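Engineer: need a structure here:
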Amino acid sequence: MGGIRIAIVGVGNCASSLVQGLNYYSTPRDEIIGLMHPDICGYEAKDITVVAAFDIDRRKVGRPLEEAIFAPPNCTKTIDSDIKSSNVVVNMGRVLDGVAAHMREYPEHRTFSVAEREPDDVAAILKESGAEILLNYVPVGSEEAARFYAECCLESGVSLINCIPVFVASDEKWAARFRDKGIPIVGDDVKSQIGATILHRVLVKLFHDRGVKIDRTYQLNTGGNTDFLNMLSRNRLISKKISKTEAVQSLLDVPIPSENIHIGPSDYVPWQNDNKVCFMRIEGRVFGDIPINLELRLSVEDSPNSAGCMIDAIRCCKVARDRGVGGVLESVSAYTMKHPIRQFPDEIARRMLEEFIRGERER
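Structural biologist: Just a heads-up that it's a prediction; the model follows:
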């Protein structure tokens, strides 16, 4: 069967891990580690090809994709440095609100260095390249930029996988526009394979199902990549905090009062690079009103941690296109995203995803 042609906007650490991973999994291996579904309806990771890329950094724009993914400020660990030539040169995207003002206060090797070039015609390039799916990896808080690229998808007939917490797929108006055009969309805000949000959800659900009253909880995250540096601007965190908090609250019959739940990025620690450290605490009461406290520390490379979910989302989106299904892919979004259009417990979301893959569920 044919391959899957994708485009990427934002050639940062997440894009770097994904591109390296596609190359890594293209080599036959005795054991496939790290993919939830080695095969989805005949599509494997090796069937995914990047045909277009967009960024705004002068160290990436105009360079071959296989070089740009290793350019500063990218700092994720190397999965596979021997990347095959893709013949893809990174195009100049639209800056819009993609760069926070405070980034200018930090050394250039840690932040963006905007290229002095006119933006390319994104919709035209998507059409010319034959891209079927666009992955949105622009920085958190880039509301204008995320919606600009969503418009480009609608104009070009390309599906959108919105990896960031700007509410597009989970917004009824945007969802209706993609549905009316018959274009599949997945979003919003990609989950990690084993990350802070999925762990927090599982633990909160465990407490709830075992009859524990949860009084308060927090999730504090630190990291040293550009994403954490960008999120030092608190006004760019509004949708991120909503996304992460709703992902946890949605599993409870009675939400935790807002003053007793804190979930969100905490601080930027430069020497952590792409390593993310999560500190989590859940306080509650068990039998006889006796207190119980749980504390957890998770350390994981942030960008590779999302790539496995992304490879599944890409292949499912392609399957929807093959089947002629448009609109929000509810099952795929519920399982791979923090802020889907409707939240489901993870075990139900997984069952829905398997039903979609088998063709028993339309979306």
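Engineer: rest of the way, CA atoms for contacts and neighbours
Structural biologist: Will do.
Engineer: where exactly do the strands run in this structure?
Structural biologist: Using DSSP state E, the strands assigned to the chain run over residues 4-9, 48-55, 91-92, 133-136, 159-162, 184-187, 213-223, 261-268, 275-286, 290-301, 327-328.
Engineer: what sits up against the last one?
Structural biologist: Right, the one you point to is strand 327-328. Outside strand 327-328, the residues within contact range by Cα atoms under 8 Å, 6 or more residues apart in numbering are 169, 175-187, 341, 363.
Engineer: just the ones of those residues in helices?
Structural biologist: Among the contacts of strand 327-328, the ones falling in helices (DSSP state H) are 175, 176, 177, 178, 179, 180.
Engineer: next up, the contacts around the fifth one.
Structural biologist: Applying Cα under 8 Å, 6+ apart to residue 179 gives the contacts 326, 327, 328.
Engineer: what's in contact with stretch 88-103?
Structural biologist: Counting contacts by Cα under 8 Å, 6+ apart, the residues outside stretch 88-103 that touch it are 9, 50-56, 60-65, 68, 111-112, 115, 117-120, 122, 138-139, 141-145, 229-230, 233.
Engineer: remind me which residues of the stretch 101-250 of the chain are low pLDDT?
Structural biologist: The model of the stretch 101-250 of the chain has no residue with pLDDT under 70.
Engineer: what about the helices in it?
Structural biologist: Listed in chain order, the helices of the stretch 101-250 of the chain (DSSP state H, counting those that start in this stretch) span residues 122-129, 143-156, 172-180, 196-209, 226-230, 238-249.
Engineer: circling back: format the ones in helices among the contacts of strand 327-328 as JSON lines; extra columns: distance to residue 198.
Structural biologist: Shown next, in JSON lines, are those (distance: Cα to Cα, whole Å):
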{"residue": "175", "distance to residue 198": "25"}
{"residue": "176", "distance to residue 198": "28"}
{"residue": "177", "distance to residue 198": "30"}
{"residue": "178", "distance to residue 198": "28"}
{"residue": "179", "distance to residue 198": "28"}
{"residue": "180", "distance to residue 198": "32"}
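Engineer: just curious, which of the residues you listed is nearest to residue 302?
Structural biologist: Among those, residue 175 lies closest to residue 302 (Cα to Cα), at 28.4 Å.
Engineer: who's in contact with the closest residue to the closest one other than its chain neighbours?
Structural biologist: For residue 175, the nearest residue in space outside its immediate sequence neighbours is residue 169; the separation is 5.4 Å by Cα to Cα, 6 or more residues apart in numbering. Contacts here follow Cα under 8 Å, 6+ apart; on that basis residue 169 touches 162, 175, 185, 186, 187, 188, 328, 340, 341.
Engineer: go again with 6 Å.
Structural biologist: 175, 187, 188 (Cα atoms under 6 Å, 6 or more residues apart in numbering).
Engineer: likewise residue 7?
Structural biologist: With contacts defined as Cα under 6 Å, 6+ apart, the neighbours of residue 7 are 50, 51, 52, 53, 131, 134.
Engineer: by neighbours, which of the residues you listed wins?
Structural biologist: When neighbours are counted as other Cα atoms under 10 Å, the busiest of those turns out to be residue 53, with 28 neighbours.
Engineer: and that residue, how close does it get to residue 81?
Structural biologist: Computed as Cα to Cα, to the nearest Å, the residue 53 to residue 81 distance reads 19 Å.
Engineer: just give the number of residues close to residue 255.
Structural biologist: Using other Cα under 10 Å as the criterion, the residues surrounding residue 255 number 13.
Engineer: just the pLDDT for it.
Structural biologist: Residue 255 carries a pLDDT score of 93 in this model.
Engineer: not counting sequence-adjacent ones, nearest residue to it?
Structural biologist: Leaving aside its chain neighbours, residue 255 sits nearest to residue 249 (5.5 Å; criterion: Cα to Cα, 6+ apart).
Engineer: what's the answer for residue 306, then?
Structural biologist: Closest residue in space to residue 306, ignoring its immediate chain neighbours: residue 192 at 4.2 Å, by Cα to Cα, 6+ apart.
Engineer: out of the contacts of residue 169, who's the most crowded?
Structural biologist: Of all the contacts of residue 169, the most densely surrounded is residue 187 (32 neighbours; neighbours counted as other Cα under 10 Å).
Engineer: what's the PyMOL syntax to select whichever of the contacts of stretch 88-103 are buried?
Structural biologist: Burial among these is assessed by 16 or more other Cα atoms under 10 Å; the matching PyMOL selection reads:
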select buried, resi 9+50+51+52+53+54+55+56+60+61+62+63+64+65+68+111+112+115+122+138+139+141+142+143+145+229+230
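Engineer: what number of residues lie near the residue lying closest to residue 344 once chain neighbours are set aside?
Structural biologist: Ranked by Cα to Cα, 6+ apart and with sequence neighbours excluded, the top spatial neighbour of residue 344 is residue 334, at 6.4 Å. The tally of other residues near residue 334 (other Cα under 10 Å) stands at 27.
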